[in-house]
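Student: quick check, what structure comes out for this input:
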Amino acid sequence: MALLISFLIGIQLFHAVASVPLTQFLHPSCNSLEVKTAAEVALNKHNKYRTEGYIFGLQRIFDAYEISQQDGDSVFFLILDVLETKCHVLSKKLWKECEFRKPYETVFGQCKVIIKLNKHSNDSFMYRNDCILRPHSSPPCPGCPVRQSASEDRFQEIARKSLAKFNAENDHDRYFAILEVTKASSQVVNGMLHAIEFTIQETSCPKRPPVSDITQCSLLPIETAVRGLCKGSMIETWNVGANIVTANCELFPHPSGSEYQELHHLHVNATETPTKQKETVVNNEPSSEHAVPEVQEPNPSSRPSLASPQQIANSRLTKPTIPPFPKGFSQSASCPGEVSIQIPGLQLPSPPLAEASQTESNVQH
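Tutor: This next block holds a predicted model:
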C-alpha cells in the first residue's frame, strides 16, 4: 500500500509540473527601485549564509528579468557584478558597511540569482544563487604589494608567528588556533614586507597553565566558539635576525541561539538554495558573455522516480518549480545598470549585441 501511495504522489507531482502554463518574462530597468531592492536582499542573503571567504559588495546590476505573481510577489532573475570587500563573512556585516579592496587586491565576478520578493511584506525566498570570481589583473603599480599564494609554507609560518604574538598579548582566557590563511602579499619596503590575513577560532585550552603546542588543542564547537579575522605581517629587514612580526585581530562573537538555529536549519533542511561559489585564477578579464555558466536544469519530461516515505514526509519543504534562468540578454534599455564604484583597469562585462528574439519572452517549464 505504501508503495502504491508513493507512486500516485509521484504521478501527481509530474502532472502538476507538466501542466504549468507559459510564463511571461518582464524586462525591468536595472536602475529601478524594485530591482535594486531585490539585488540588495539577494546579496545580503548570499553573504549571510556563507561560512568562508569575504563579503561581496554590489558593483552593478548587469541584467534583470521579472515574473510578476499574485499578492505582490515577484520573482527576479538577476545577474550581479560583485566585488570582494575587506569584511570576512564571519563578521555578519551588511555589504554596505564594508570597504571595497584596493585595485591591486580586487577580486571580482558575477552572481546569478533567482529570488522571490513580496513588495508588500518584504518576505523573500532564494531559489538559486551561484557565483564565479577571479582576481583582478591590475595594471603595474610600482611599489604596490604583489598578491601571493596563501598556501605557501612561508605564509603559513608567518601566520603561526603572528598568532603566537596575538595569543600572548590579548586578554582572552583561552588560546586561539588558525583556521585558514586567506590572503597573502609581498612588498619591497625597507626590507621585504609580507602581509597575510587568516581566520582563527577559540580552542578548549585555557591559558593557565600555559600550553606549549596549541596544535594539540581542540577547537570549541562553532555554536559556542569565538572566531575572528587577523591581519598579520612580518618585515624581513636587511639585518639578519631582526624580523618584525605584527598581529591585529578582530574577534566576532559566536552566533546567538536563534541565529545558529537559523543557519543550522538552512544547511540541514535546504529550505533555500545553498550558495554555489567558484573562484578561478585567470589573467584575462571577463568576455562579453555572462561569466556565470548555465546550470543544467532538470528535464520535466523525465519519468519521476517513486517517492520514498521520507520524501513524502518532507514534501512540505519542496521548493516550487520555477522556469530556468533566461538565455540571452534582456530587452531592457536600462541594463546594465549604474556602476557604484570604478576600479582602474577593471573591464566590466558588456552585454551581447542586441538581437530581436521574441521567443525568449515566453519560457515553458
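Student: paired strands for the helix or strand that contains Gly228, with orientation please.
Tutor: According to DSSP states H and E, Gly228 maps onto strand 227-236. Strand pairing for strand 227-236, using DSSP bridges, gives strand 191-206 (antiparallel), strand 244-252 (antiparallel).
Student: could you give the mean pLDDT of it?
Tutor: Per-residue pLDDT values across strand 227-236 average out to 95.
Student: between the strands paired with strand 227-236, which one is nearest to Gly72?
Tutor: With respect to Gly72, and counting by C-beta to C-beta, the nearest of these is strand 244-252 at 35.8 Å. C-beta coordinates here come from the backbone N, C-alpha and C atoms, glycine included.
Student: which residues in the stretch 51-200 of the chain form helices?
Tutor: Per DSSP state H, counting those that start in this stretch, the stretch 51-200 of the chain carries helices over the ranges 153-169.
Student: pull up the distance across stretch 213-222, start to finish.
Tutor: One end of stretch 213-222 sits 22 Å from the other (C-alpha to C-alpha, to the nearest Å).
Student: tell me where the stretch 1-150 of the chain has strands.
Tutor: Applying DSSP state E, counting those that start in this stretch to the stretch 1-150 of the chain gives strands spanning 23-24, 54-68, 73-88, 107-118, 124-135, 146-147.
Student: any chance of those strands in a markdown table, with mean pLDDT and distance to Leu163 too?
Tutor: Formatted as a markdown table, the strands of the stretch 1-150 of the chain follow (pLDDT from 0 to 100; distance: least, C-beta to C-beta, whole Å):
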| stretch | mean pLDDT | distance to Leu163 |
| --- | --- | --- |
| strand 23-24 | 77 | 53 |
| strand 54-68 | 96 | 20 |
| strand 73-88 | 96 | 16 |
| strand 107-118 | 94 | 24 |
| strand 124-135 | 91 | 25 |
| strand 146-147 | 92 | 22 |
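Student: quick one, which of the ones you listed gets closest to Lys207.
Tutor: Nearest to Lys207 among the strands of the stretch 1-150 of the chain is strand 73-88 (24.6 Å), distances taken as C-beta to C-beta.
Student: kindly export that closest one (C-alpha atoms) in PDB.
Tutor: C-alpha atoms of strand 73-88 as PDB (Å, rounded to 0.1, in the frame of the first residue of the first chain):
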ATOM      1  CA  ASP A  73       5.100  38.500  -5.300                       C
ATOM      2  CA  SER A  74       7.700  39.000  -8.000                       C
ATOM      3  CA  VAL A  75      10.400  36.500  -9.000                       C
ATOM      4  CA  PHE A  76      13.600  38.300 -10.100                       C
ATOM      5  CA  PHE A  77      16.300  36.700 -12.300                       C
ATOM      6  CA  LEU A  78      19.300  38.800 -11.800                       C
ATOM      7  CA  ILE A  79      23.000  38.900 -12.900                       C
ATOM      8  CA  LEU A  80      25.100  40.900 -10.500                       C
ATOM      9  CA  ASP A  81      28.600  42.300 -10.900                       C
ATOM     10  CA  VAL A  82      30.200  41.900  -7.500                       C
ATOM     11  CA  LEU A  83      33.400  42.900  -5.700                       C
ATOM     12  CA  GLU A  84      35.100  41.400  -2.700                       C
ATOM     13  CA  THR A  85      35.200  43.600   0.300                       C
ATOM     14  CA  LYS A  86      37.600  43.700   3.300                       C
ATOM     15  CA  CYS A  87      34.900  42.200   5.600                       C
ATOM     16  CA  HIS A  88      35.000  38.500   6.300                       C
END
